[in-house]
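>>> Using only what follows, build the 3D model:
(one chain, ligands or ions: 1)
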Amino acid sequence: MADQHDIFLAKSEVKANDLEHKRKVAFNIQKYNDAVVRGKKQFANLDLARQRAKNVKWKAIENLDSYLELFEKNFTARGGKVIWAETAEDAQQAVLQICRERNTTQVVKAKSMVTEEIHLNDYLSKHNIESVETDLGEYIQQLDGEPPYHIVTPAMHKSKEDVARVFHEKLGTEPHLSPSEITMVARQKLRRKYITAQVGVTGGNFLLADIGAVCVTENEGNGRLSTTLPQVNIAILGIEKVLPSINDLPLFWPLLATFGTGQQVTVYNSIFTGPRRQGETDGPEEMYVILLDNGRTNLLRREVRESMYCIRCGSCLNACPVYKNIGGHAYGATYSGPIGAVITPHLAGMNEFKHLSYASSLCGNCTEVCPVKINIHEMLLENRKIAVEDNLNGFKEHAVWAMWERAMLSRRLLNIAGPGLKGNVVNKMFRDSWVAHRSEIHFAPRSFNKLWKERKDR
Ligand code: SF4
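Okay, here's the model as predicted:
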């Protein structure tokens, strides 16, 4: 069976040569870029805002244990229930148990990358529970049988014609619907589901420790419907989503909106502090928050801890020349792009996914655009270092570097062979990697060392 590395290379090659794919992605990223310029105008001092956000996340992650416990204390005091899930399986089983207690066969789900991470839809489907995506982009992807392509805009690689085709094929609609007609069809299909589903599942953008709340940010209102109409609401969040205080939201909400979609503020920003209380007319009878680790504590204990500051805005994906060429699906992981390349090896296995950290030009554009100033490209280097320290790169690579080191430290060895022999050795060594995609390496007839000597002897 091909390993993740081979699959990544094969998929990347296909996408990098797919000009239509590149055109669609470039079109959508350009629209994003234009919007971000407008969104950034709301900040009097954007750099200061980013630095403050980084400081807040630093404080949250350095005191993660106490902030999570504070969140739990405050949230449970108002009738909410907290479940600690160490693995994806723990989270899946917790959701299944709640669904079984309610005897439900249908769940409505608002957009949530963490439920993608734990493959919740597949798991529930195996247990005869239908999980319906209610975010339009996710709904399109679900209809088309594809995972999200991007952490913020799941169907970014599809044109409006592609979406009309999906609706036509899967729902039998007219083949050339306009975007507004598509939206109306989706709305009609989904509205009924909110009423019939007994359980709503969401992710969450932030956890507020001081008031014990979950914040959900969205543009379509489907998050509010999924959380308030079903009798039970389950919010699943990674443990890194915690913020110390509700007072941090005036900084984080605009940052997330601007860097996520170029808006000044996202259309719906909800703060959920627990289930419906006596005298209240809206909200679920029960509310659960599942706090997911699933490898995040691996990030915490290594030199890539800073990657836990991520607020999943997607900005680094849009800025990355590699992502723009190979797209989101080539990564073979829930989180793609630069931040995906940093965290996936720690969440899903360094040995299987270390190659993602090498899929970077290290141009640093990701770091430049990150609203919380994560040194993303340095984290990629850290991952490479960890892979070497953990002896995961194999004998061949180790031997090649040992030879290279030996040669580079000895002028005599470097001068032993002429340009032809050097070229032969290097081209053979990199036959499957560098040379497979580029012209062969040719050494100059006279090395710099030789030229320098000749010049001195003149
Ligand atoms: S690493 Fe930074 S830019 Fe990338 S998704 Fe996270 S917050 Fe956004």
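
>>> All the helices of the stretch 101-250 of the chain, in order from the start?
Using DSSP state H, counting those that start in this stretch, the helices assigned to the stretch 101-250 of the chain run over residues 113-117, 120-126, 136-144, 160-171, 179-196, 222-228, 249-261.

>>> what's the longest one packed up against?
The elements that helix 179-196 packs onto, with contact taken as 3 or more Cβ pairs under 8 Å, 6 or more residues apart in numbering; DSSP states H and E, are strand 106-109, helix 136-144, helix 160-171, helix 222-228. Yep, even glycine has a C-beta here, placed from its N, CA and C like the rest.

>>> Residues in contact with the shortest one: which ones?
The list of residues contacting strand 106-109 from outside it, by Cβ atoms under 8 Å, 6 or more residues apart in numbering, reads 95, 99, 115, 120-121, 124, 129-134, 138, 190, 193-194, 196-202, 225-226, 229-230.

>>> are any of those buried, and which?
95, 99, 115, 120-121, 124, 129, 131-134, 138, 190, 193-194, 197-202, 225-226, 229-230 (16 or more other Cβ atoms under 10 Å).

>>> Can you check which of the helices and strands packed on helix 179-196 gets nearest to the ligand?
Evaluated with Cβ to the nearest ligand atom, the helices and strands packed on helix 179-196 place helix 136-144 nearest to the ligand, the distance being 16.5 Å.

>>> Same question for that closest one: list its buried residues.
Quick answer for helix 136-144 (16+ other Cβ under 10 Å): 136-144.

>>> mind saving the C-alpha coords of it as CSV?
Provided in CSV are the C-alpha atoms of helix 136-144 (Å, rounded to 0.1, in the frame of the first residue of the first chain):
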residue,chain,number,x,y,z
LEU,A,136,-23.4,25.8,2.6
GLY,A,137,-19.8,25.1,1.6
GLU,A,138,-19.7,21.9,3.8
TYR,A,139,-23.1,20.8,2.4
ILE,A,140,-21.8,21.1,-1.2
GLN,A,141,-18.7,19.1,-0.2
GLN,A,142,-20.9,16.5,1.6
LEU,A,143,-23.1,16.1,-1.5
ASP,A,144,-20.1,15.7,-3.7
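
>>> relative to helix 179-196, how tilted is that helix?
Interaxial angle of helix 136-144 relative to helix 179-196 (axes from the mean of the first three to the mean of the last three Cα atoms, to 10 degrees): 80 degrees.

>>> can you give me the mean pLDDT across helix 136-144?
The pLDDT scores in helix 136-144 average 96.

>>> What helices and strands are in contact with that helix?
Packed next to helix 136-144, using 3+ Cβ pairs under 8 Å, 6+ apart, are strand 130-133, helix 160-171, helix 179-196.

>>> Switch these over to CSV; also include mean pLDDT.
Below are the helices and strands packed on helix 136-144 laid out as CSV (pLDDT from 0 to 100):
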stretch, mean pLDDT
strand 130-133, 96
helix 160-171, 96
helix 179-196, 93
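
>>> related to what we said a few turns ago, export the helices and strands packed on helix 179-196 to a markdown table and tack on distance to the ligand?
Formatted as a markdown table, the helices and strands packed on helix 179-196 follow (distance: least, Cβ to the nearest ligand atom, whole Å):
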| stretch | distance to the ligand |
| --- | --- |
| strand 106-109 | 21 |
| helix 136-144 | 16 |
| helix 160-171 | 24 |
| helix 222-228 | 19 |
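
>>> Of these, which is nearest residue 63?
helix 222-228 (28.0 Å; Cβ to Cβ).

>>> Give me the buried positions along the closest one.
By neighbour count with 16+ other Cβ under 10 Å, helix 222-228 contains the buried residues 222-228.

>>> go on, stretch 238-247?
Buried residues in stretch 238-247 (16+ other Cβ under 10 Å): 238-244, 246.

>>> Repeat that for stretch 419-431.
422, 426, 429.

>>> Let me know the closest of these to the ligand.
Distances from the ligand to the buried residues of stretch 419-431, taken by Cβ to the nearest ligand atom, are shortest for residue 429, at 34.7 Å.

>>> Stretch 363-379 spans what distance, first to last residue?
End-to-end distance of stretch 363-379 (Cα to Cα, to the nearest Å): 13 Å.

>>> I meant stretch 244-254, not that one.
Termini of stretch 244-254 sit 17 Å apart (Cα to Cα).

>>> Name all residues that make contact with the residue most central in space within the chain.
Compute the mean C-alpha point of the chain, and by Cα atoms, centre = their mean the closest residue is residue 335, 2.9 Å away. Taking Cβ under 8 Å, 6+ apart as the criterion, residue 335 is in contact with 113, 117, 151, 343-344, 347.

>>> Throw those into a markdown table and include neighbour count and distance to the ligand, thanks.
Shown next, in a markdown table, are these (neighbours: other Cβ atoms under 10 Å; distance: Cβ to the nearest ligand atom, whole Å):
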| residue | neighbour count | distance to the ligand |
| --- | --- | --- |
| 113 | 18 | 10 |
| 117 | 22 | 14 |
| 151 | 23 | 7 |
| 343 | 27 | 9 |
| 344 | 26 | 13 |
| 347 | 21 | 14 |
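
>>> Switch these over to CSV; also include distance to residue 69 and pLDDT.
CSV is the format used below for these (distance: Cβ to Cβ, whole Å; pLDDT from 0 to 100):
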residue, distance to residue 69, pLDDT
113, 25, 95
117, 23, 97
151, 28, 96
343, 24, 97
344, 28, 97
347, 23, 96
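
>>> Contacts for stretch 440-447 next, please.
So stretch 440-447 is in contact with 414-415, 419-420, 422-423, 426-427, 430, 434-435, 454, going by Cβ under 8 Å, 6+ apart.

>>> Which of the residues you listed fall in helices?
Taking DSSP state H as the definition of helices, the contacts of stretch 440-447 contribute 414-415, 419-420, 422-423, 426-427, 434-435, 454.

>>> Just give me the closest of the residues you listed to the ligand.
Closest to the ligand, out of all of those and judged by Cβ to the nearest ligand atom, is residue 434, at 28.8 Å.

>>> What does the pLDDT read for that closest one?
80.

>>> what sits against it?
residue 441.

>>> do residue 378 as well
residue 367.

>>> Going forward, the N-terminal residue is numbered 26.
Sure, I'll start counting at 26 from here, so that last one is residue 403.

>>> Assign it to helix, strand or coil.
Counting by DSSP: H, G, I helix; E, B strand; the rest coil, the backbone at residue 403 sits in helix.

>>> ok, it to residue 327 distance?
Relative to residue 327, residue 403 is positioned 13 Å away (Cβ to Cβ, to the nearest Å).

>>> again, but for residue 410
In terms of Cβ to Cβ, residue 410 sits 10 Å off from residue 327.

>>> Who has more neighbours out of those two?
Regarding residue 410 and residue 327, a neighbour count based on other Cβ atoms under 10 Å identifies residue 327 as having more, with 17 against 13.

>>> What is the top helix by length along the chain packed up against?
Scanning the chain for the helix with the most residues, using DSSP H, yields helix 44-65. Judged by 3+ Cβ pairs under 8 Å, 6+ apart, the packing partners of helix 44-65 are helix 274-286, helix 340-344, helix 346-351.

>>> Tabulate these (a markdown table), appending mean neighbour count.
Below are the helices and strands packed on helix 44-65 laid out as a markdown table (neighbours: other Cβ atoms under 10 Å):
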| stretch | mean neighbour count |
| --- | --- |
| helix 274-286 | 21 |
| helix 340-344 | 27 |
| helix 346-351 | 20 |
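
>>> Sounds good, over and out.
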